[in-house]
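Enquirer: my questions concern the predicted model and sequence given below.
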Amino acid sequence: MIRTSQETRAIDEFRATFDRCWACGQHAQNDYRNDGIDYYPWVETHHIQKRGRVHERWNLARLCKLCHDLTELHKIMHQGERLPNLTLEHTLWLKKHFDPDHYERPMLLRWSRTSFLPTAKRPPAIFEQLTITNAGHGW
């Protein structure tokens, strides 16, 4: 879907507001990862609901490339163990925690591929540990 200039401005403002990955704390300006994970360091804008790729703030989250790939079910290893995937439940929790004024469950449900939206669930502890390493604080 092609973005309008208004959508582009909204996404740019969103990016400027959140300069860290919500899941692991990776800073958007770093060209390396503090946590020792050999992976791309940049921070991306994630669409919570994929259908239609709606570029409105209620449907956006900030995730680094690593965490974004984990929402897409990529298998990523660290220190000989597979990192857990970030599920929709986890992404909803992150949205509710980091951008509560724009957590619009009815809109997320409306754009869902199903008539059900799971309950928000805190991501696995490994992500908070990464946040402490990358950002110097936990959730």
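Expert: Nice, I can see it. Numbers count the residues shown, from 1 in each chain.
Enquirer: quick one, helices of this structure?
Expert: 5-17, 65-71, 88-98, 105-110, 125-135 (DSSP state H).
Enquirer: just say which of those helices is most tucked in.
Expert: With neighbours taken as mean count of other Cβ atoms under 10 Å, these reach their highest mean count in helix 65-71, at a mean of 22. Any C-beta I mention is one placed from the backbone N, CA and C, and that applies to glycine too.
Enquirer: can you tell me what sits against it?
Expert: With contacts defined as Cβ atoms under 8 Å, 6 or more residues apart in numbering, helix 65-71 is touched by 21-24, 26, 33, 37, 39-44, 46, 63, 76, 83-87, 91, 127.
Enquirer: give me the distance from that helix to the chain's centre.
Expert: Offset of helix 65-71 from its chain centre (Cα atoms, centre = their mean, to the nearest Å): 8 Å.
Enquirer: next, count neighbours for the closest residue to residue 98 other than its chain neighbours.
Expert: Nearest residue to residue 98 in three dimensions, chain neighbours excluded: residue 22, at 4.8 Å (Cβ to Cβ, 6 or more residues apart in numbering). Residue 22: 27 surrounding residues under other Cβ atoms under 10 Å.
Enquirer: surely residue 22 meets residue 63?
Expert: Yes: counting by Cβ atoms under 8 Å, residue 22 touches residue 63, with 6.3 Å between them.
Enquirer: show the contacting residues for residue 137.
Expert: So residue 137 contacts 25, 131 (Cβ under 8 Å, 6+ apart).
Enquirer: can you check residue 118 too?
Expert: Counting by Cβ under 8 Å, 6+ apart, residue 118 has contacts 87-89, 92.
Enquirer: if I look at it, how far off is residue 105?
Expert: To residue 105, residue 118 is 11 Å away according to Cβ to Cβ, to the nearest Å.
Enquirer: residue most distant from the centroid, the chain?
Expert: residue 80 (24.0 Å; Cα atoms, centre = their mean).
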